[in-house]
Each structure stands twice: as C-alpha cells, then as structure tokens.
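Student: Sharing a model that was predicted from the sequence below.
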Amino acid sequence: MEKVLVTGASGFIAEHCIIELLKNGYSVKGSLRTMSREQEVREAVKTETDDAKLEFCKLDLLEDDGWEDAMWDCDYLMHVASPFVIEDPKDENELIKPAKEGTLRALNAAKKASIKRVVLTSSVAAINSHMMSGKCDHNTWTDINSKYVTPYQKSKTIAEKAAWDFYNNQDGDKMEMTVVNPGGVMGPQLGNDLGGASTQIVSQLISGKFPMIPAMSFPFIDVRDVAILHLRAMKTPEADGKRFIAAHAEPAWMFQVAEVLSKAGYDKIKLKKAPSFMLKLIGLFDNKTKSLIPMLDKYVPCDISQTVDILKWNPMPWEQAFIEHAKSIEAIKDKA
C-alpha cells in the first residue's frame, strides 16, 4: 500500500485531502505543528471514512527537526501547510518566511527520501493578484511589486516560485512535482475548528455581521474538488511539471454569494452593497478593511482548460459549496 505524507493535516483543505486519499486506498501520514490536535483531526476524518490507515507526525515549517524522518517511508508528498491570516500582519515576513522556508524544507526532505512526486498546494493568489481585469491562465504569475498585492498573496507567489526553482535545478534523478492553485475554497467544515479564513467569512456572513457586502469577486471551488484534484495531480503522469488552476472559470461576486445564502434561508444576511469609495475611506483607519481594498471591483476570469483537460475535471457548483459550508458551521455551533 502506498503512503502519502500530507502536511498541515489540521487544515481545511488537508483534512479533505486525507479523506480522499484514504477512500482511494492509500495510507496517510499527517503532519501537525501541535500533536495535541491529533484527536480533533481523527474525529473530522471519521465523519467521512475510516481512520485506521492514518498516522501523525510533528513538523514545523520553520524548524528542520523531523522532516527527513517523516518522509522515509512515504511514496508521495502533498505539501498543503502554509500560513494564512485574514488581517495583514505588520511585517509581511511573518507570512513570507514560513511559506518559502517550509516549502523548501519539504522539497529538500522529499528529494533525499526519493519521494515519487510532490503535489504543492499554492493558490490563485500566486497567479492573478496583481490583475484588476483581463483573463489569467496557468502561465500567469502575480507581480509581487504591484500595489494591489497583499502580504499573503506575495507569500504564496514567492513560495511557489522557490518550489519551481528547486524543481528546475535538481541534481541527479529528477523528483516529480505538480502544483494545484485553488481559488476561494468553500464546502463542508468537518471538525469543530471555526477559525479558518473561509469558515470565518461564511460564519460572519450568515450571522449578519457584514452590514454591507463589498464589491469583491473570487473564483470559488468546492473543497472536495480541491481534494480530488490533488489526488489526480499526484497520479496523472502528464501532470508532472505543470500548474493547475483549481477554481471555476468565472468569479462570483460576494453579493451573488450573499443572495444564494439568503435564498437558502439564512435571513440575517444584509443584502446591501457597500460603496467602494466608502470602504477605501474606512481603510485609512481600520486594518481589516485596509486589507480588502486591493480586491475591490476586481473581476478576473480564469482559463481552467489545462485542469479540465489533463485532470479530467468537472467542477461542482460553487453555490452548493457555500450552502454546505454554512450548514456545517451551524451544526458545529449547535453542538458547542
């Protein structure tokens, strides 16, 4: 039985990747920064599948300890772990350093352990963050010097570029690598952790904490699709050396999202549009609002033909992903 190391195992995407791998007959080793979260991840996984073939190890993006030991008995690596915050940090290196160094730690250890293929979780943030209009594809790269680019978007771009530099400059036998670039990831929250960025956004939306809806659009994707694409990127021979945009081709406006959830019965949502000029003024005094400003009025469709053609992908509806995300949040709150 082949074994896959999945880093950042307590994360939203990683938990779904673990489930997809277990359902498809792989054994999985999940890495955690804090081993005290093992039971929480097991409980989340057990809502969908058996966890008998799941084990854990301790790894930190900023520490060398344990990486080579974690890899030695694995066939594949899914490097999903990466820092994410809703509010921009005062120092952008709080995000850039762990993202880049953690990626290189993972790749170096994988190379030494003769891992067959690495699947790196990047983001559309590394593709189109500098764009306000036009269309992006798998060859597009975020310009990190653009005024529109946030520290998180810069961190994802720098980390992915470092990975491709590593891949293209390997000595000896070439380790295979492919990159999945998800858009805004939504879908059922499995565990009891309501702290994830996607979950916080949906939670605040359905509880009426957004007095108005900003003019922002994102190319969304169901988290279960993200997991499916990670597995296909791992096993499809033609995927080596390629990037795959994991998102719907057309972005959805946040007001559309609010309308979908409102029609699904979430009546606390305030269906009122926020004028962008007003948010820009508020952003002068409020850090959370300031981090939204580069994304206001942006609409950038994605050419996802490479993902569809090579990975044989047909996206699940983003509307259903939001509804199921909202339902799972309510179920967690009811249990608490």
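Tutor: Looks like it came in fine. Numbering: from 1, shown residues only.
Student: Now for the nearest residue to residue 152 once chain neighbours are set aside, how many residues are close by?
Tutor: Once flanking residues are discounted, residue 152 sits nearest to residue 95: 5.7 Å by C-beta to C-beta, 6 or more residues apart in numbering. (Each C-beta comes from the backbone N, C-alpha and C, glycine too.) Neighbour count for residue 95, taken as other C-beta atoms under 10 Å: 24.
Student: Quick check: pLDDT value at residue 95.
Tutor: pLDDT recorded at residue 95 is 88.
Student: give me phi/psi at it?
Tutor: Backbone dihedrals for residue 95, given as degrees, to the nearest 10, come out at phi -100, psi -40.
Student: my guess is residue 3 meets residue 27, correct?
Tutor: Yes - the criterion here is C-beta atoms under 8 Å, and residue 3 meets it with residue 27 at 4.6 Å.
Student: so where do the strands sit in the chain?
Tutor: Under the criterion DSSP state E, the chain contains strands at 3-6, 27-32, 54-58, 76-79, 117-121, 176-182, 184-186, 217-218, 220-222, 243-246, 252-253.
Student: ok, the fourth one: who's next to it in the sheet?
Tutor: Right, the one you point to is strand 76-79. Paired strands of strand 76-79, with direction, are strand 3-6 (parallel), strand 117-121 (parallel) (DSSP bridges).
Student: what's the longest one in contact with?
Tutor: Right, the one you point to is strand 117-121. 13, 76-80, 82, 103, 106-107, 110, 160, 163, 175-180, 182, 230, 233-234, 240 (C-beta atoms under 8 Å, 6 or more residues apart in numbering).
Student: Let me know which of the strands of the chain is the nearest to residue 132.
Tutor: Among the strands of the chain, the nearest to residue 132 by C-beta to C-beta is strand 217-218 (10.8 Å).
Student: strands paired with that closest one, and their directions?
Tutor: Strand 217-218 has the following strand partners under DSSP bridges: strand 252-253 (antiparallel).
Student: Quick check: residue 254 vs residue 295, distance?
Tutor: Distance of residue 254 to residue 295, computed by C-beta to C-beta, to the nearest Å: 10 Å.
Student: Mutual contacts of those two, please.
Tutor: What both residue 254 and residue 295 touch, as defined by C-beta under 8 Å, 6+ apart, is the set residue 216.
Student: So those two - more neighbours on which side?
Tutor: Using other C-beta under 10 Å as the criterion, residue 254 and residue 295 rank with residue 254 on top: 21 against 18.
Student: What are the buried residues along the worst-scoring helix or strand of the chain on mean pLDDT?
Tutor: For the chain, using mean pLDDT, DSSP states H and E, the weakest element among its helices and strands is helix 287-292, scoring a mean of 80. For helix 287-292, the neighbour count (16 or more other C-beta atoms under 10 Å) marks 289, 290, 291, 292 as buried.
Student: and if you look at stretch 108-122?
Tutor: Residues 109, 110, 111, 113, 115, 117, 118, 119, 120, 121, 122 are the ones in stretch 108-122 that count as buried (16+ other C-beta under 10 Å).
Student: From residue 313, how far off is the second one?
Tutor: From residue 110 across to residue 313, the span is 25 Å (C-beta to C-beta).
Student: The fifth one too?
Tutor: In this view, residue 115 and residue 313 are 24 Å apart by C-beta to C-beta.
Student: rewinding a little: how about a markdown table for the buried residues of stretch 108-122, with pLDDT and distance to residue 307 added?
Tutor: Shown next, in a markdown table, are those (pLDDT from 0 to 100; distance: C-beta to C-beta, whole Å):
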| residue | pLDDT | distance to residue 307 |
| --- | --- | --- |
| 109 | 97 | 28 |
| 110 | 97 | 23 |
| 111 | 97 | 26 |
| 113 | 96 | 28 |
| 115 | 97 | 23 |
| 117 | 98 | 17 |
| 118 | 98 | 18 |
| 119 | 98 | 13 |
| 120 | 98 | 15 |
| 121 | 97 | 14 |
| 122 | 97 | 13 |
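Student: what residue ranges in the protein are flagged as low confidence?
Tutor: Along the chain, segments meeting pLDDT under 70 span 84-87, 336.
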